[in-house]
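Peer 1: My questions concern the predicted model and sequence given below.
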Amino acid sequence: MKKKSCTVIDHPLVQHKLSIMRMEETPCAEFRRLLREVSMLLAYEVTRDIPLAEIDIKTPITAMKAKVIDGKKITLVSILRAGNGILDGMLELIPSARVGHIGLYRDPETLVPVEYYFKMPPDISQRDIIVVDPMLATGNSAAAAISRIKEVSPLSIKFVCLIASPEGLDVFTEAHPDVPVFTASIDQKLNEHGYIVPGLGDAGDRIYGTK
């Protein structure tokens, strides 16, 4: 299902696991396990259009033309710290992917993102990037991360999150209409503190057991 340049991945397994993650009583270890599993399912959907090339191989039976991913491999970019929860799951499905990190924190007063870390593979201009962060809340941090990543000129960029707010989606797509968004849910709204409603709370705290 598509909405506002956003693809909602509504596969039953994704929705079932997301519902358990939303539950307040779901413990940290279970939350991490479910996030890893959902991330693998999201990776499966977001990589559907990877270009393929044919190479010559020999099976135990005969020679054949076989399809492999064409060109450079994918780079996964985690928006720290919560993005690492999605990163771990996606790396299980795409173990050959290179990894980049961008560190942003949201100023509690202004809600404006502040960058504190940026590290990418050296050949990023020859790679397709998938940026990951569990929550697209205000959209400011994700939009800032994409703007920073565009400075290194990758071949393409996609953004993957677990849950998006309508407000955050509007901010993101206005800033980067060329970047497709993939999510498991577009929730109702943001509250006065900038949290997604109904959401699942602070993803980073629930992944790492912090408050």
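Peer 2: Yep, that arrived. Numbering: from 1, shown residues only.
Peer 1: in this structure, which spans are helices?
Peer 2: Secondary structure of the chain (DSSP state H): helices at 12-22, 28-46, 83-93, 140-150, 166-175, 203-208.
Peer 1: From Gly139, how far off is the residue nearest to Leu80 when sequence neighbours are not counted?
Peer 2: Spatial nearest neighbour of Leu80, chain neighbours left out: Gly103 (4.3 Å); criterion: C-beta to C-beta, 6 or more residues apart in numbering. Backbone N, C-alpha and C define where each C-beta goes, glycine included. Distance, Gly103 to Gly139, using C-beta to C-beta, to the nearest Å: 18 Å.
Peer 1: which ones are touching Met64?
Peer 2: Asp56, Ile57, Lys58 (C-beta atoms under 8 Å, 6 or more residues apart in numbering).
Peer 1: Now do the same contact list for the nearest residue to Asp187 once chain neighbours are set aside.
Peer 2: The spatial neighbour of Asp187 that comes closest, neighbours along the chain excluded (C-beta to C-beta, 6+ apart), is Ile196 at 5.0 Å. The contact partners of Ile196, taken as C-beta under 8 Å, 6+ apart, are Met135, Ala137, Ile163, Ala164, Ser165, Gly168, Asp187, Lys189, Leu190.
Peer 1: and what of Thr210?
Peer 2: Thr210 neighbours (C-beta under 8 Å, 6+ apart): Gly204.
Peer 1: pLDDT wise, what is it at?
Peer 2: pLDDT for Thr210: 83.
Peer 1: Need phi/psi at it.
Peer 2: Backbone torsions of Thr210, given as degrees, to the nearest 10, read phi -110, psi 170.
Peer 1: what's the distance between it and Phe172?
Peer 2: 26 Å.
Peer 1: coming back round to it: of the contacts of Ile196, which pair is most distant in space?
Peer 2: Across those, the longest distance by C-beta to C-beta is 13.5 Å; it joins Met135 and Lys189.
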